[in-house]
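[1] coordinates only, sequence not included:
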């Protein structure tokens, strides 16, 4: 398991999202806003370790970054962004 700072995790996912023509820079910013809102929400977050500035996000390996970006792209294309955040872990 890789535990990355929340800011590094956000950076890595946004870097992938920017590569998708359908999402681009503005869509990556929207993903970040959604992620930060999800992070503050009441749902259980099994991949978040610690809290505040020391919080880390755990991923099995770097391929999870690609999976997260792919799933977001699919949600955007299908208009299911709310559902994406409900299922996000």
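    Ah, there it is. Since the model is a prediction, treat every value here as computed from it, not as a measurement.
[2] Which residue is the nearest non-sequential neighbour of the residue most central in space within the chain?
    By C-alpha atoms, centre = their mean, the chain has its centre lying nearest to residue 35, at 5.5 Å. Leaving aside its sequence neighbours, residue 35 sits nearest to residue 10 (C-beta to C-beta, 6 or more residues apart in numbering; 6.3 Å). For every residue, glycine as well, the C-beta is placed using N, CA and C.
[3] okay, now the one you found: neighbour count?
    18 (other C-beta atoms under 10 Å).
[4] related to what we said a few turns ago, pretty sure the residue nearest to the centre of the chain sits in a helix.
    Yes: under DSSP: H, G, I helix; E, B strand; the rest coil, residue 35 sits within a helix.
[5] so it sits right up against residue 11, yeah?
    No: Residue 35 lies out of contact with residue 11 (C-beta atoms under 8 Å); the separation is 11.4 Å.
[6] where do the strands sit along this structure?
    2-5, 48-49, 56-59 (DSSP state E).
[7] Residues contacting the second one, please?
    The one in question is strand 48-49. 3, 6, 39, 55, 56, 57, 58 (C-beta atoms under 8 Å, 6 or more residues apart in numbering).
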